[in-house]
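1. Following is a predicted model, sequence given first.
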There are 2 protein chains.
Amino acid sequence: MNILADGSSGGAVLTGGNRIVVLVIALIAVAALGVAFLLVRQVLAADAGTPAMRRIAAAVQEGANAYLARQFRTLAVFATGAFFLLMLLPADNWSQRLGRSLFFLVGAAFSAATGYLGMWLAVRANVRVASVARGVTDGQERSAQRGAMRIAFRTGGVVGMCTVGLGLLGATVVVLVYRADAPRVLEGFGFGAALLAMFMRVGGGIFTKAADVGADLVGKVEQGIPEDDPRNAATIADNVGDNVGDCAGMAADLFESYAVTLVAALVLGRAVFGDAGLVLPLIVPGIGVLTAVLGIVAVAPRERDRGGMTAINRGFFLSAAVSLVLVAVAAFTVLPSGFGSLRHVPSAIAAHRGDPRLFALFAVLIGIVLAVLIQQLTGYFTETSRRPVRDVGRSSLTGPATVVLSGVSLGLESAVYSAALIGAAVYGCYLLAGGSIVLALFAVALAGTGLLTTVGVIVAMDTFGPVSDNAQGIAEMSGEVAGAGARVLTELDAVGNTTKAITKGIAIATAVLAATALFGSFTDAIGEAVTSAGGTAVIGSPAGLSLDISQPNNLVGLLLGAAVVFLFSGLAVSAVSRSAGSVVFEVRRQFRDHPGIMDGSETPEYGKVVDICTRDALRELATPGLLAVLAPIAVGFGLGVGALGSYLAGAIGAGTLMAVFLANSGGAWDNAKKLVEDGAHGGKGSEAHAATVIGDTVGDPFKDTAGPAINPLLKVMNLVSLLIAPAIVRFSYGAHASAGLRGAIAAVAVLLVVGAVYASKRRTVDVAGQAPAGSAVTAEAGG
Amino acid sequence: MNILADGSSGGAVLTGGNRIVVLVIALIAVAALGVAFLLVRQVLAADAGTPAMRRIAAAVQEGANAYLARQFRTLAVFATGAFFLLMLLPADNWSQRLGRSLFFLVGAAFSAATGYLGMWLAVRANVRVASVARGVTDGQERSAQRGAMRIAFRTGGVVGMCTVGLGLLGATVVVLVYRADAPRVLEGFGFGAALLAMFMRVGGGIFTKAADVGADLVGKVEQGIPEDDPRNAATIADNVGDNVGDCAGMAADLFESYAVTLVAALVLGRAVFGDAGLVLPLIVPGIGVLTAVLGIVAVAPRERDRGGMTAINRGFFLSAAVSLVLVAVAAFTVLPSGFGSLRHVPSAIAAHRGDPRLFALFAVLIGIVLAVLIQQLTGYFTETSRRPVRDVGRSSLTGPATVVLSGVSLGLESAVYSAALIGAAVYGCYLLAGGSIVLALFAVALAGTGLLTTVGVIVAMDTFGPVSDNAQGIAEMSGEVAGAGARVLTELDAVGNTTKAITKGIAIATAVLAATALFGSFTDAIGEAVTSAGGTAVIGSPAGLSLDISQPNNLVGLLLGAAVVFLFSGLAVSAVSRSAGSVVFEVRRQFRDHPGIMDGSETPEYGKVVDICTRDALRELATPGLLAVLAPIAVGFGLGVGALGSYLAGAIGAGTLMAVFLANSGGAWDNAKKLVEDGAHGGKGSEAHAATVIGDTVGDPFKDTAGPAINPLLKVMNLVSLLIAPAIVRFSYGAHASAGLRGAIAAVAVLLVVGAVYASKRRTVDVAGQAPAGSAVTAEAGG
């Protein structure tokens, strides 16, 4: 049965049994899409609410559709440009070159489709969840909660199934069609997915938080009206934002995490593990599809569940445990007992003592355990019932400054524990490989695919957040849900905050594992390119090629990599501040020009705020996007591949910590606010509440714009580096060497980045100018 | 004249001309101490104020003395422990072993002495500055400002002179006495300076910000009384804090920066540059002493100066320019025209083509230019007259949340520019060395000494900040300075905020340069230890020794290094939050139990708050301190020297950015508040003012506790690693190899860190319990 063992099929790639395994996995991928279709029908079958609710939902749908349509038009331009630029990069043959560009588009399209579908269904599920809460009386909360959770979680399930289905389908097709050329084509596929996801994350993140922060600042803080009050002109935009940011952006992002981890595992697997390296990384997520279905079904909440997280945890743990068992079965079925028996395996690996079955099993186990631990850890730091959030809540007694400070220190510390867990996982893979670095990297990649077996449930958990948030918004705006029903939705919303933070934790863990594995591909690409450029250098010899971190040039690369994470975060936060400023001025203007809004006799112009957010988000996403693509180009061509490698390492180090810091502080502030709203420390309307609202507002761009965008950022930078590494080496060594060309490319990249950053700074002035002439605001702002 | 060229003196170390040069530099160091003495007399000669002022100043002096005395007693225990632990570490002979431990104590004592002197003089200068402002009428502001600046800046000058005098004296004595053994003894000297400075920075930082934040929260926010109002029980503690944190802590920190940079340059210089490497790094700061005197004299403010920064800039640029000219003269005097002519130079360097005179000159030039650029950049981001602070000020119109967000994004972005500048400097050194890595590292070390030529003026600038801050406090509390005089002091305080931010920028730049150079020593130490352990390995061969960053084990090290920076920052911030909480409860209690305080009929018990701050600061400094020392031990013994190297690199990358981020956001918030207090956006008492006060409070622990402590943190971790590297290698290879012992050491280190962190978390509960039983606060806090 050991189909990956060396058999009779000779030197050809992916023949016989292997081919059949991959085909079966492709069918599983298609089946996942089928499950998604069934879940869609279940969600849509639920009651779609009262006419008032439908009207609001329709406005949200319209706004979200309009934004995504405009965003896709903008991104199509970027994608077309990237399509042709990719053609220019070195490749062994035209099939690779064309396949890479083509599958770049496929990756981008899949990423966009997953995001669009997430949004499409979420804007239909929200009103249905709100409808469940309608007319709930005291005592019925538990059953209403179960009903609401079922819809919200199934919506997430659709996105989860699409993510794994499309990701696995793309990867299997590339492996089946391109075989030996598959690694290079996969790079294109992963890059497309990551690039599009990053733009959707950044754009959607700016949209959602500009609307949210703007709405809160004028509504809650200045006018003292509740969140989602229909008199606030920014409420529809806020709800649209949840869908384009937290649904569409997040779905695209998780698709990208999934695709890139697969790509990393396959590219590296092919290089170090022979044929088995092309099949193993597909088997594990194939199993994940099956267990994800199981997990999503298991989340059906039960009578005796204590809180929303109980059902979710059940689904998560069940799918993790079953995955592990099935992986063990698969490993012992398809793998031989010695590395030497693997088909087409390089001789260095073949000589390795040890059992490849146990190696694969433990690597996957590390990934699954990591997912479980991160889930627990993030839950600890962001759940309202645990001590950290309670401490942040209590700090509200000494005012907003201490709320901000306690959230910051909580975020900083929690990031460390996540980083330590991820580090332990990577180190476990290193120990597992018994001294072989390439094998260690492949173990890291396999751990990544292990982590991915839980991704179906994770995505479902995440989509849960914005859907329940939106449901609460629609319920509040329609005025048709009160008392017990409102409490049900508030509790769901708090659960959603935690699931969102957990998803971010898992996403960043996949990013680190994928990026670490891609490092192997990177080193491999450099070595290959040096040989083909006519150089005799192996990595480590000339200063410019060595990845030795004690070399000053490499330390500079590392510093720049960490710096890009800071710059990217700073740009994202300031983009939200700027756009929120525009929203504030517009909402204030409406309150001032239309005094009837406050007493309910006039309806605010919701559409105007949606338009402002759309325009600002699309304008602001360019700078961080360009930074992510151009910074590695500038470093690589300017300082060499050694510095580029350290640059990636620096970005991974700083990015991991920054992403978790931003996600967890934001999540904790949000839930500390919920805690006070539930009656702690004086409840709604108290000074403590005002303090936590300020904390929450600070956390909004942290957790929903800057933080989550770091995940695709790391992948985009790694993939750009992987794609350009051969070109850099070609311009540095041998017959093609041209320092002038290298310098020119680096200079153009630097100039474009600096120009984009400078242009985004210029926009600050406009905000004050946007207030209508002669108004009090202008005079005030000019002061 | 080329005294560093190979002459007749044979193989002995430091003979003839070299010896004389070092002796002359030692004399210059003593002369610097003489200048400090003269400046002290000038400061003390000024008028010491009215009796009311003197009374307040005496209370501050008493509190500061009491704190430092207790702190030194606590640290003496640590130092004694470290003295004996150092004895256990490997060394070539007993002279090295004893010298290292002995000079560890000397370094610690010098660091403590510099800090103590800074505090001692500052608490005498503050009242004298306040006295100058007394009775100033409109129109006299300019001349009063000049008088006040003269005292404040001379006070700083004393600290500057002591820093360079003691630093240079220590280093020259070690070189003269220990010669060939000097590198190892210097490691002890640097470690002593860094360790003590870190504790003083952390302890002083917690003290000062606990008092400041606590005073602001109750005073400004709750009771609506002005800053430094005598009715606030925390005001004296706040002023004490400025002296023990910003004066003593900062002075010790800058002494440490100075000493460690010298140590790095000398250790590396001896290894790669022969005798010249022991002399050159002393000549450059020797020149710096002379030009610092010039710079301090040049700051004498003139009639036509526009603002406080004009005079300071003049002193800074003058000393930088003259330093450069003198370094050029010295380089062409003492160095030969070819590397081969250098005395005792290793053959790899001797073969290097190029002119060592130009090499040294350009390396120093890079350091000086870096100092100038960082000074300008930091000024741009934190001066009230420049756009970034104005933008933060304007964001106060939309409330505290936007103030916090704009400060965060400003800080994140400004960190990137600083990191890019530092990176460019290091890369410049790399290019200068023309492909030789060791030469590049020595160039980095020389650039560090170049940067240090400006340190005299920099220290003077920094001390300027707390002295003027204190002067304002004394003036306010005594009630004897009003109108024009108060305006003079407010303006001085704003200048002080900028100079403090600049000093932090420069300090972190020196930290990066010193740490980069120490990397060279680290690699060298590993190679030497491997050889003596009987291993044949050169760096790069076995996985555990390689510093190749693409290896998963090293990437884990990097991640942990970045994580420690985040953890350290988080711990520092939460220590301040906790201690500030105790202060808040105490001040509230006094207001409640003694209603007479508010109407002025009762005097608050200032001493109680000072005691609380003292107790809390000393208790809280242990956790971050242990973390800094034990984390490298855990990583090094647990994961190996390769991972330890990457750990240091990760810490440098994340630490640079985090330190600048924290310093610049904090500085910008503080000055944005000043901007509003000067009348912008509604002035004092407006909602915009309340928003900026919140921003300032958030920024307090950022800029004065966590941020500045990162600088000594990086150095302590680098020096610990350098000291333990031979022991790790010994336990890993050859005859002494013992995996069990390695693991045990790592486990103990991990347990101690985890225990300390856990213990500090437990303290949160105490804060609520500290409020007197049955009070409203307890009930409220327990809610």
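-> Received the coordinates, thanks.
2. and the gap between A:G17 and A:A501?
-> When CB to CB, to the nearest Å is the yardstick, A:G17 and A:A501 sit 43 Å from each other. In short, each C-beta sits where N, CA and C put it, glycine included.
3. Of those two, give the one with the bigger neighbour count.
-> The residue with more neighbours, out of A:G17 and A:A501, is A:A501; 29 against 19, by other CB atoms under 10 Å in any protein chain shown.
4. And what about that one, helix, strand or coil?
-> Taking DSSP: H, G, I helix; E, B strand; the rest coil as the rule, one finds A:A501 in the helix state.
5. now stretch A:284-298: mean pLDDT?
-> Averaged across stretch A:284-298, pLDDT comes to 86.
6. Just the buried positions in that stretch, please.
-> Taking 16 or more other CB atoms under 10 Å in any protein chain shown as the neighbour-count basis, stretch A:284-298 is seen to contain the buried residues A:284-296, A:298.
7. mind listing what the residue in the stretch 301-450 of chain A positioned nearest to chain B touches?
-> Distances between the stretch 301-450 of chain A and chain B by CB to the nearest CB are smallest at A:L412, namely 3.1 Å. If you count contacts by CB atoms under 8 Å, 6 or more residues apart in numbering or on different chains, A:L412 has them with A:661, A:665, B:566-567, B:569-570, B:573.
8. Could I get the buried residues of stretch A:284-298 in JSON lines, plus columns for distance to B:F585 and secondary structure?
-> Formatted as JSON lines, the entries for the buried residues of stretch A:284-298 read as follows, by distance: CB to CB, whole Å; DSSP: H, G, I helix; E, B strand; the rest coil:
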{"residue": "A:V284", "distance to B:F585": "55", "secondary structure": "helix"}
{"residue": "A:P285", "distance to B:F585": "54", "secondary structure": "helix"}
{"residue": "A:G286", "distance to B:F585": "59", "secondary structure": "helix"}
{"residue": "A:I287", "distance to B:F585": "56", "secondary structure": "helix"}
{"residue": "A:G288", "distance to B:F585": "52", "secondary structure": "helix"}
{"residue": "A:V289", "distance to B:F585": "56", "secondary structure": "helix"}
{"residue": "A:L290", "distance to B:F585": "57", "secondary structure": "helix"}
{"residue": "A:T291", "distance to B:F585": "52", "secondary structure": "helix"}
{"residue": "A:A292", "distance to B:F585": "51", "secondary structure": "helix"}
{"residue": "A:V293", "distance to B:F585": "54", "secondary structure": "helix"}
{"residue": "A:L294", "distance to B:F585": "52", "secondary structure": "helix"}
{"residue": "A:G295", "distance to B:F585": "48", "secondary structure": "helix"}
{"residue": "A:I296", "distance to B:F585": "49", "secondary structure": "helix"}
{"residue": "A:A298", "distance to B:F585": "48", "secondary structure": "helix"}
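9. Who are the contact partners of A:A125?
-> Residues touching A:A125, when contacts are defined by CB under 8 Å, 6+ apart, comprise A:43, A:151-152, A:154-155, A:467.
10. Turn the contacts of A:L412 into TSV, columns for distance to A:D462 and pLDDT.
-> Compiled in TSV, the contacts of A:L412 are given as follows (distance: CB to CB, whole Å; pLDDT from 0 to 100):
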residue	distance to A:D462	pLDDT
A:F661	19	95
A:S665	18	93
B:F566	24	95
B:L567	27	94
B:S569	29	95
B:G570	26	93
B:V573	29	92
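11. from the residues you listed, which is closest to B:T510?
-> Here the nearest of the contacts of A:L412 to B:T510, counting by CB to CB, is B:S569; it sits at 19.5 Å.
12. about what we covered before: considering the contacts of A:A125, which possesses the most neighbours?
-> A:V467 (36 neighbours).
13. I figured that residue hits A:V127, correct?
-> No. Under the contact definition of CB atoms under 8 Å, A:V467 does not touch A:V127, with a separation of 10.0 Å.
14. so what pLDDT did the closest residue to A:T163 other than its chain neighbours get?
-> Taking CB to CB, 6 or more residues apart in numbering or on different chains as the measure, A:T163 lies nearest to A:F255, with 4.7 Å between them; neighbours along the chain are not counted. With respect to pLDDT, A:F255 scores 89.
15. What residues of the helix or strand encompassing A:F255 count as buried?
-> Secondary structure assignment for A:F255, by DSSP states H and E: helix A:250-273. Neighbour counts over helix A:250-273 (16+ other CB under 10 Å) mark A:250-273 as buried.
16. what's that helix packed up against?
-> If contacts are counted by 3 or more CB pairs under 8 Å, 6 or more residues apart in numbering or on different chains; DSSP states H and E, helix A:250-273 sits against helix A:94-133, helix A:141-178, helix A:182-216, helix A:276-298, helix A:437-452, helix A:455-478, helix A:484-532, helix A:707-732.
17. quick check, the longest one touching chain B?
-> Translated: helix A:484-532. Yes. Using CB under 8 Å from any CB of the partner chain, helix A:484-532 comes into contact with chain B via A:512, A:516, A:519-520, A:522-523.
18. what ranges do the helices span in the stretch 551-700 of chain A?
-> Defined through DSSP state H, counting those that start in this stretch, the helices belonging to the stretch 551-700 of chain A, from first to last, are A:552-593, A:596-599, A:606-620, A:622-639, A:641-677, A:687-701.
19. This completes my enquiry, with thanks.
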